[in-house]
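**Q** Pasting the sequence and the predicted model now:
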Amino acid sequence: MSVIEYAEEFTKGDKLRRILLAMLLGLFIMITHNKWVFPFISWYADTAHCHTSLGYSGISVLWYSLFVGLPLLCAFIIGVVTVPVGYRGIIQKQFPPKGMKVYKPTKILRGWKGHLKSVLHLLIPTLLILLSIWGYFQVDKMPHQVAKGVDYSLCKALEDK
């Protein structure tokens, strides 16, 4: 009969502090995105035919940003957290890895279950990178010319600013 081992937990104060900081960060991101990022993306999508960046049309930049840049950005953001945990879990042959604190009582997984969970932590950013590579080859299939009937008065108004 084996003894069930549990990973080390955060103290109540650490849990509260970390959750509060995560909520404040989330609130900051929500406010800044609603105030500046989403309006900018909407404006750029509406006026993409008016822009050129480094010799590329604004429409091409929009497609590359959507199909390549967004998955790569998500892979980076998620990978910063999951890759070290997954790598250490594989090396130490357990999940969660030694020294990793958890929020609630969590059994330490060893064997194929621990290995699988560690591999899944590495697989998430890997799949996003593969999605980005796939997206790179899909961009050529997207329309890069300005559609007929586009209002070019928007471009004139942008030049006048």
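**A** Thanks, I have the structure now.

**Q** gap between the residue most central in space within the chain and Pro125?
**A** For the chain, Cys74 is the residue whose C-alpha lies nearest the centre (C-alpha atoms, centre = their mean; 1.7 Å). Between Cys74 and Pro125 the computed distance is 8 Å (C-beta to C-beta, to the nearest Å). Where you see a C-beta, it was placed from the backbone N, CA and C, and this is true even at glycine.

**Q** Whatever helix or strand Leu122 lives in: which residues count as buried?
**A** Leu122 is located in helix 111-138, with elements delineated by DSSP states H and E. For helix 111-138, burial by neighbour count (16 or more other C-beta atoms under 10 Å) applies to 114-115, 117-118, 121-122, 124-125, 128, 131-132, 135.

**Q** If we only consider those, which is nearest to Asp14?
**A** Ranked by distance to Asp14 (C-beta to C-beta), those are led by His121 at 21.9 Å.

**Q** How much space separates the residue lying closest to Val150 once chain neighbours are set aside from Leu127?
**A** In this structure, Val150 finds its nearest non-sequential neighbour in His49, 5.7 Å apart by C-beta to C-beta, 6 or more residues apart in numbering. As judged by C-beta to C-beta, His49 and Leu127 stand 33 Å apart.

**Q** Now do stretch 130-150, average pLDDT.
**A** Mean pLDDT, computed over stretch 130-150, is 85.

**Q** Which residues does it contact?
**A** Stretch 130-150 has contacts (C-beta atoms under 8 Å, 6 or more residues apart in numbering) with 49, 57, 59-60, 63-64, 66-69, 71-72, 75.

**Q** Which among these count as buried?
**A** Here, 16+ other C-beta under 10 Å leaves 49, 57, 59-60, 63-64, 66-68, 71-72, 75 buried among those.

**Q** want to throw the contacts of stretch 130-150 into CSV with distance to Ile31, pLDDT and secondary structure?
**A** Converted to CSV, the contacts of stretch 130-150 look like this (distance: C-beta to C-beta, whole Å; pLDDT from 0 to 100; DSSP: H, G, I helix; E, B strand; the rest coil):
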residue, distance to Ile31, pLDDT, secondary structure
His49, 30, 81, helix
Ser57, 32, 82, strand
Ile59, 30, 86, helix
Ser60, 31, 88, helix
Trp63, 29, 91, helix
Tyr64, 28, 93, helix
Leu66, 24, 93, helix
Phe67, 28, 95, helix
Val68, 28, 96, helix
Gly69, 23, 96, helix
Pro71, 25, 97, helix
Leu72, 25, 98, helix
Ala75, 25, 97, helix
